[in-house]
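**Q** sequence-free structure coming up:
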DNA sequence: CATGAATGAGATTTCATTCAT
DNA sequence: CATGAATGAAATCTCATTCAT
């Protein structure tokens, strides 16, 4: 019994050990150029051992990404729904979490690079990502906007139909970091403040800003 | 004479023919998995012919991306500087161009995917991209914001320090399209309107929206 | 334990098996025209296996020649120094060994062909050859001559400054065999006698000869 | 007429131009690694032009070597037969010519390297070499020895059966230069003197030397 | 005659995958 | 379970040779 349990533990350990090593290798070299021998070396095991846990390179790769994707935003929705402050404060907190968890997190950035680079070759990944991350994420952002509208902090706008625009600047920050980050680093804290200012001003209801006669005129022009 | 000219034409044609075929292949398979034999086949030529025009696979790849990157935004700055309408109108037009030229343009999207996927392996590409696209693009966006502030259409804000946040949602649209676009397409026209609304509201000066006593106080605090 | 030892043995075997096959192939075709696939076939293994033991073609080639060169003449010097007969007898024995080991040894001849053909492209080989073969060989020949002079069997002469002239005819025999040996074979035993006669007469001191009645008798006996 | 003749001249010129360029290339790289494009470049012509003069690479190579081999020693026989000095003087002159024309002549050395390296793959070359060089060369050396014996300058010996032994040291000098010449150059003038001393002493008749009583004793030891 | 662009066979090298131990 | 030697398909790149101009 004990030995079996130990074995299972060891196996689980091995399994994750391999996944971790594989993530390092894949994110350093990309899917095609990653060498399973190097994965094995990073994991401190022999090449053949990988095949005891994963049928082949593709399934290892998909397991790596699935492991990273899963549960990414499952708490976000709950967080939004149970938050008890103002909508504005909620936006601040939600975006701050995004920066901490994703934009400033190099592992998350590398995962996103792999996803962008390879998802069209591994359609299952896009499915998982859509279901686990994009769907919940958009839903949470939509809830957030609706709460703000309900509390009259935010105005009604077309933004509610595409809540993801609010996260756009964070995505740009990730892509920026991936492409030119080494040559032209972003000051992410100050960047996030600019992002927040744009989003909060962009969402805020007219009533929050004081009515003025020209306002009507302007917003009319704006619509046209 | 005619034969010379024909030859030169043919040569130029071949060169570009290969670049076009290579772009197709690289953006379909990524750098590592692209096969030069398939590039040749797409171009309707023999394998060896590629090597008459490009020393090796890497240089072909870099030539492909350089060709796509170069001059991408060189006119944007001029467009912004010579535009004679309101700043708001300018923002609308600039973003509309981004959507037409980049977000809705599948070639541009694929180029961006290659850049994200491979730029860390080909640092020269990041250099070119920074110099030719990112730099001019950010500069143009900064000019745009400053014009709006000068004309009092936009308020002063931290956004001016990071003009790229304005384009963030467009980048998200590109990444979205690349990863889950096939399963969950974005209605880009309506998405763009949401983007515009966020940006215009986010930039617009307080004075444009009606003064109110708390507003001034708050925006003062916010700026500090 | 047994399996380890078997494995190590097998590995050593493989290594040498490849070297042997490679020598066959290289000496049949020369460096450039030798095909690693054919080396593998001669060794009865797969193409890729070679790369488990040798990084690339060049290093395999150099390993082949280094293996043949090493220790070629290391015992010669000792043999010369510890020989207790006359200098003339020593010359006879040394040259006889050369013929047995080199001139009549087709493996040695082929090695020499490779060395002549390729050494200018692989300078390290020339270094090894100089250090392992040429240096010790010349030193041994020099010792040999000096012994003869010391014992007054040989006269002092310019030959001592270039002891390698004594071996020249053997080198000619090798080259002859390599180029026209198939069409015009040399009778190496009788050729060696001619060589010996030239060398012994060439070295012998004037005082050692002297026309005397027995001379005719002796030289007649000598011929037989 | 004139144009035809000019053309033919041009063609002959081209022909030799190509041969010269090809020799440079072949002797620098060996047969297999020589590139016809580089031959063309050395000759200042286009790659295709070579094929107007030579059917293919192999025939070009053979033509190069045939051109170098032909007539190499055809005058030697005549020189020996018509020489009117002593046999010893003749030996000196013949060997001096060998050093000047062959050993010290880098073109000749390179040709010999090609011959050694490639002749087994191009049997026709060995034929030509045997007929044009080796045959006449050996014949001339034999004549030379016979003249010396006839004039009692040289004694009868087994050397006459293998006259090529006399040239051996020169062959060694060539091989030495080809393999280790760059690292350990030979002083060819002094080397040749050693060679001459060996050969002249080796050939010289007993009567030419000096009587000594110990001869009997020594030659007895010699046999043991 | 001369050119040089184009071809495609062929060589080296890599690496995912298998399997005997 | 774990190993790592062995395999061989596949990819890059070269270059002798052809041929339209």
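**A** Here it is on my side, so go on. Keep in mind the model is a prediction, meaning the values are calculated, not measured.

**Q** contact partners for the spatially closest residue to residue A:92 that is not a sequence neighbour?
**A** Once flanking residues are discounted, residue A:92 sits nearest to residue A:196: 6.1 Å by CB to CB, 6 or more residues apart in numbering or on different chains. Backbone N, C-alpha and C define where each C-beta goes, glycine included. Contact partners of residue A:196, counting by CB atoms under 8 Å, 6 or more residues apart in numbering or on different chains, are A:91, A:92, A:95.

**Q** just confirm residue A:196 is within a helix.
**A** Yes. Under DSSP: H, G, I helix; E, B strand; the rest coil, residue A:196 sits within a helix.

**Q** for residue A:99, see how far away it is.
**A** Distance of residue A:196 to residue A:99, computed by CB to CB, to the nearest Å: 10 Å.

**Q** count of residues packed around residue A:59?
**A** Neighbourhood size, residue A:59 [other CB atoms under 10 Å in any protein chain shown]: 12.

**Q** got a pLDDT number for it?
**A** The score at residue A:59 is 97. That number is its pLDDT.

**Q** which of the helices or strands spans it?
**A** In the assignment (DSSP states H and E), residue A:59 maps to helix A:57-69.

**Q** show the secondary-structure elements that that helix is packed against.
**A** helix A:2-33, helix A:36-43, helix A:106-118, helix A:123-129 (3 or more CB pairs under 8 Å, 6 or more residues apart in numbering or on different chains; DSSP states H and E).

**Q** circling back: turn the contacts of residue A:196 into a markdown table, including pLDDT and secondary structure.
**A** Output for those, formatted as a markdown table (pLDDT from 0 to 100; DSSP: H, G, I helix; E, B strand; the rest coil):
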| residue | pLDDT | secondary structure |
| --- | --- | --- |
| A:91 | 96 | helix |
| A:92 | 96 | helix |
| A:95 | 96 | helix |
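
**Q** closest to residue A:75 among the residues you listed?
**A** residue A:95 (15.6 Å; CB to CB).

**Q** nearest residue to the closest one other than its sequence neighbours?
**A** Closest to residue A:95 by CB to CB, 6+ apart is residue A:196, at 6.0 Å.

**Q** picking that back up, export the contacts of residue A:196 as JSON lines, with columns for distance to DNA strand E and neighbour count.
**A** Below are those laid out as JSON lines (distance: CB to the nearest atom of the strand, whole Å; neighbours: other CB atoms under 10 Å in any protein chain shown):
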{"residue": "A:91", "distance to DNA strand E": "44", "neighbour count": "23"}
{"residue": "A:92", "distance to DNA strand E": "45", "neighbour count": "16"}
{"residue": "A:95", "distance to DNA strand E": "39", "neighbour count": "22"}
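
**Q** can I get the residues you listed in CSV including distance to DNA strand F?
**A** Shown next, in CSV, are the contacts of residue A:196 (distance: CB to the nearest atom of the strand, whole Å):
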residue, distance to DNA strand F
A:91, 47
A:92, 47
A:95, 43
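
**Q** for the residue of chain A found nearest chain C, the count of nearby residues, please.
**A** Closest contact between chain A and chain C, by CB to the nearest CB, is at residue A:37 (11.9 Å). Residue A:37 has 12 neighbouring residues, counting by other CB under 10 Å.

**Q** and chain A, which residues reach DNA strand E?
**A** A:33, A:34, A:35, A:36, A:37, A:47, A:48, A:51, A:56, A:57, A:58 (CB under 7 Å from any atom of the strand).

**Q** of the residues you listed, select the buried ones using a PyMOL command.
**A** Buried subset of the residues of chain A next to DNA strand E, written as a PyMOL selection, criterion 16 or more other CB atoms under 10 Å in any protein chain shown:
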select buried, chain A and resi 33+34+36+57
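
**Q** so which pair among the residues of chain A next to DNA strand E is furthest apart in space?
**A** Checking the residues of chain A next to DNA strand E with CB to CB, the most distant pair is A:33 and A:48, at 21.0 Å.

**Q** can you point out the buried residues in stretch A:97-107?
**A** Per 16+ other CB under 10 Å, stretch A:97-107 contains these buried residues: A:98, A:99, A:102, A:103, A:104.

**Q** excluding its backbone neighbours, what's nearest residue A:155?
**A** residue A:205 (3.7 Å).

**Q** what's the neighbour count on residue A:131?
**A** For residue A:131, the neighbour count with other CB under 10 Å is 14.

**Q** and the residue nearest the centre of chain A, what is it in contact with?
**A** Most central in chain A under CA atoms, centre = their mean is residue A:102, positioned 5.4 Å from the mean C-alpha point. Neighbouring residues of residue A:102 by CB under 8 Å, 6+ apart: A:108, A:109, A:112, A:170, A:174.

**Q** tabulate these in TSV, adding columns for distance to chain C and pLDDT.
**A** Converted to TSV, the contacts of residue A:102 look like this (distance: CB to the nearest CB, whole Å; pLDDT from 0 to 100):
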residue	distance to chain C	pLDDT
A:108	38	94
A:109	36	96
A:112	36	96
A:170	46	98
A:174	40	98
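
**Q** among those residues, the buried ones, what's the ChimeraX command?
**A** Here is the ChimeraX command that selects the buried residues among the contacts of residue A:102 (16+ other CB under 10 Å):
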select /A:108,109,112,170,174
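
**Q** for the contacts of residue A:102, which one is nearest DNA strand F?
**A** For the contacts of residue A:102, the residue nearest DNA strand F by CB to the nearest atom of the strand is residue A:112; the value is 26.4 Å.

**Q** what's the nearest residue to that closest one if we skip its chain neighbours?
**A** residue A:174 (5.7 Å).

**Q** element containing the one you found, please.
**A** helix A:168-180.

**Q** next one: residue A:175 from residue A:181, what distance?
**A** Distance from residue A:175 to residue A:181, by CB to CB: 9 Å.

**Q** neighbour-wise, which of the two wins?
**A** Shown here are residue A:175 and residue A:181; by other CB under 10 Å, residue A:175 has more neighbours (23 against 19).

**Q** and the closest residue to that one other than its chain neighbours, what does it touch?
**A** Sequence neighbours aside, residue B:171 is the residue nearest to residue A:175 in space, at 5.6 Å (criterion: CB to CB, 6+ apart). Applying CB under 8 Å, 6+ apart to residue B:171 gives the contacts A:168, A:171, A:172, A:175.

**Q** of those residues, which is the nearest to DNA strand E?
**A** Nearest member of the contacts of residue B:171 to DNA strand E, counting by CB to the nearest atom of the strand, is residue A:175, at 27.1 Å.

**Q** report pLDDT for the closest residue to residue A:47 other than its chain neighbours.
**A** Once flanking residues are discounted, residue A:47 sits nearest to residue A:40: 4.6 Å by CB to CB, 6+ apart. pLDDT, residue A:40: 97.
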